[in-house]
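>>> I'd like to go over a predicted model; first the sequence, then the structure.
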Amino acid sequence: MADLLIPQGKTWKVAFPIVGEFETTGWSIRSQVRPYPKHADVLHEWSSTAGTAGFETVTAAALTAAGQPSTVDRLCVVLTVAPVASADWDWTEGVYDIEATDGVAVLLIASGTVKVIPEVTR
């Protein structure tokens, strides 16, 4: 479980290292935030097709700086939020999960809660 804290109206990026060997060809990433798991409303969505989620090699230095100590560069699933995307959010909490899929198999990458830090300076 990985809880996310997203500052509203700011550039935000998070990386989830993949353990072991993984061939990304043919795989995509999808993720949604909802008020609670079975709720119909989607508060925010990340996807490979929208360019807001994907696979990326992240340097050991960047992972260590983000609180994920590493001595080697790692393949990660990365989610991003642009300031313009979160500036108008009218929600502050939800739940999410991240899935990798090849169209048949679905792998859970991470899940948890999302909390938005409301923007003060606009």
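In hand now; what should we look at?

>>> count the neighbours of residue 43 for me.
For residue 43, the count of nearby residues is 19 (other CB atoms under 10 Å). Any C-beta I mention is one placed from the backbone N, CA and C, and that applies to glycine too.

>>> that one contacts residue 33, doesn't it?
Yes - using CB atoms under 8 Å, residue 43 is in contact with residue 33, at 4.4 Å.

>>> which residue is nearest the middle of the chain?
The centre of the chain sits closest to residue 79, judged by CA atoms, centre = their mean, with a distance of 3.4 Å.

>>> residues contacting stretch 5-21, please?
The contact list for stretch 5-21 (CB atoms under 8 Å, 6 or more residues apart in numbering) reads 2, 4, 55-56, 58, 62-63, 66, 68, 70, 74-83, 86-87, 89, 98, 109-110, 114-119, 121-122.

>>> at 7 Å what do you get?
4, 58, 63, 66, 68, 74-83, 86-87, 89, 98, 109-110, 114-119, 122 (CB atoms under 7 Å, 6 or more residues apart in numbering).

>>> now the residues you listed: which count as buried?
4, 58, 63, 68, 74-81, 86, 89, 98, 109-110, 114, 116 (16 or more other CB atoms under 10 Å).

>>> just name whatever secondary elements the helix or strand where residue 30 lies is in contact with.
Here residue 30 sits within strand 28-34, counting by DSSP states H and E. Using 3 or more CB pairs under 7 Å, 6 or more residues apart in numbering; DSSP states H and E, the elements in contact with strand 28-34 are strand 44-47, strand 53-58, strand 93-101.

>>> just the angle between the next helix or strand after the longest one and strand 28-34, please?
Tracing the chain C-terminally past strand 93-101 and defining elements by DSSP H and E, one meets strand 106-117 next. Angle, strand 106-117 to strand 28-34, by axes from the mean of the first three to the mean of the last three CA atoms, to 10 degrees: 40 degrees.
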